[in-house]
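A.B. asks: any chance you could fold what I've pasted below:
(2 chains)
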Amino acid sequence: MTTTLLILHGLVAVALLGAITHQALATCAPFNAKPHTFFGRFRAVTAAGFTNAITVLYLASWLLGAVVYLYFKVDVQPILERDRHWHAMGFFDLKEDFIVIGLGVLPAYWFCWRRPVNCQHHQIRTILTVLLAFIVWWSFLVGHVMNNIRGFGS
Amino acid sequence: MSTSTVHRFGHAFGAAFALFYVIARLRGIALFTVYPAQGIVLLGLHRSRDFADPVLDFLAPEMYWYGWTAFAAVGALVVGLIAALLPDRFSWFWAWCVCIIPPIAMVACVYLTIPWFLL
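C.D. replies: A predicted model of the protein is given here:
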């Protein structure tokens, strides 16, 4: 059951990572990127179209992570502490902090992308999108490392 | 409810959520404590080792993260509702708060996590 939830959590996180990266690059990258390059095609998406998907995926990922965290605390954390993986524990603590801060920002992010854009709104929209992208990337990488410390099914 | 009211609420909620979360981490304020091994939830912040023996911390690990999150959500909800009631001319203030406070809160969380890296 825990492994199934963890894999589901990972799959949702992959989808979220792809969506937020597309949106962040489309929002920040220069508009003069050559359209026929990989980067040009990557950023040439309708960024606003990702907003609902990102919001739903973020919530789903947070919920699954919150459930899996219960098993982590009982079954995994004591082993990590026994093996003195203090840095990994620190990075994981940061992951849980960043995820919650991102959760609080989510309504503002969603409202920003639904509002017609002007100069100030574009800045706020860019800041919030980049912030969420950083949180998602950080959480994905830390989660990946935590999952790999002892290997699958160990 | 007008669109700008909803936006004010969203912006204030995001900024206050980050602020209250850091306060909860700093001051140890949790609405409830979860003991996953026993499947118990207690109101407020409890430490296993407070009651009997330090070894209980290993037998009954406690989790505050859910309680911190709930505290931040309740605090942010109150601030968000207050912001929604305030005049529209303050909307720029809330918009910039939501851009500035969460990154600062993340830096504060990095500071609070430093002890892990000194072990």
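A.B. asks: only C-alpha atoms for contact and neighbour calcs from this point on.
C.D. replies: Noted.
A.B. asks: so who does residue B:64 touch?
C.D. replies: Going by Cα atoms under 8 Å, 6 or more residues apart in numbering or on different chains, residue B:64 touches B:30, B:32, B:33, B:34, B:45.
A.B. asks: what parts of chain A come near chain B?
C.D. replies: Within chain A, the residues that sit near chain B (Cα under 8 Å from any Cα of the partner chain) are A:70-71, A:73-74, A:78, A:86-87, A:89-90, A:93-94, A:96-98, A:100-101, A:104-108, A:111-112, A:124, A:127-128, A:131.
A.B. asks: ok, back up a step: closest to chain A out of the contacts of residue B:64?
C.D. replies: Chain A lies nearest to residue B:34 out of the contacts of residue B:64, by Cα to the nearest Cα, at 8.9 Å.
A.B. asks: following the helix or strand containing residue A:4, which helix or strand comes up?
C.D. replies: Using DSSP states H and E, residue A:4 maps to helix A:2-28. The C-terminal neighbour of helix A:2-28 among helices and strands, as given by DSSP H and E, is helix A:38-43.
A.B. asks: I'd like the next helix or strand past that following helix.
C.D. replies: Immediately after helix A:38-43, counting by DSSP H and E, sits helix A:51-71.
A.B. asks: rewinding a little: buried subset of the residues of chain A next to chain B?
C.D. replies: A:70, A:73-74, A:86-87, A:89-90, A:93-94, A:96-98, A:100-101, A:104-108, A:111-112, A:124, A:127-128, A:131 (16 or more other Cα atoms under 10 Å in any protein chain shown).
A.B. asks: for chain B, what's the longest helix?
C.D. replies: Looking across chain B with DSSP state H, the single longest helix is helix B:91-118.
A.B. asks: pick out the residue nearest the middle of the chain.
C.D. replies: As the question left the chain open, I've gone with chain A. residue A:136 (1.9 Å; Cα atoms, centre = their mean).
A.B. asks: oops, wrong one, chain B.
C.D. replies: residue B:21 (2.3 Å).
A.B. asks: tell me where chain B has helices.
C.D. replies: B:3-27, B:48-51, B:56-59, B:65-85, B:91-118.
A.B. asks: now those helices as TSV including distance to residue A:64 and mean pLDDT?
C.D. replies: Below are those laid out as TSV (distance: least, Cα to Cα, whole Å; pLDDT from 0 to 100):
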stretch	distance to residue A:64	mean pLDDT
helix B:3-27	20	92
helix B:48-51	26	59
helix B:56-59	25	61
helix B:65-85	13	95
helix B:91-118	22	91
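A.B. asks: nearest to chain A, of those?
C.D. replies: Of all the helices of chain B, helix B:3-27 comes closest under Cα to the nearest Cα, at 4.2 Å.
A.B. asks: and the closest one, anywhere near chain A?
C.D. replies: Yes. Interface with chain A: helix B:3-27 contributes B:6, B:7, B:10, B:11, B:13, B:14, B:15, B:17, B:18, B:21 (Cα under 8 Å from any Cα).
A.B. asks: contacts only, for the residue lying closest to residue A:89 once chain neighbours are set aside.
C.D. replies: Excluding the flanking residues, the one nearest residue A:89 by Cα to Cα, 6 or more residues apart in numbering or on different chains is residue B:116, at 6.9 Å. Taking Cα under 8 Å, 6+ apart as the contact definition, residue B:116 lies against A:86, A:87, A:89, A:90.
A.B. asks: same check, this time on residue B:102
C.D. replies: Counting by Cα under 8 Å, 6+ apart, residue B:102 touches A:101, A:105, B:14, B:15, B:18, B:19.
A.B. asks: if we take the residues you listed, which one ends up nearest to residue B:100?
C.D. replies: Residue B:100 lies nearest to residue B:15 out of the contacts of residue B:102, by Cα to Cα, at 7.9 Å.
A.B. asks: ok, the closest one touching residue B:97?
C.D. replies: Yes. The pair residue B:15 / residue B:97 is scored as a contact, 5.6 Å apart, by Cα atoms under 8 Å.
A.B. asks: of the two, who's got more company?
C.D. replies: Using other Cα atoms under 10 Å in any protein chain shown as the criterion, residue B:15 and residue B:97 rank with residue B:15 on top: 28 against 17.
A.B. asks: ok, and the closest non-adjacent residue to that one?
C.D. replies: Nearest residue to residue B:15 in three dimensions, chain neighbours excluded: residue B:98, at 4.4 Å (Cα to Cα, 6+ apart).
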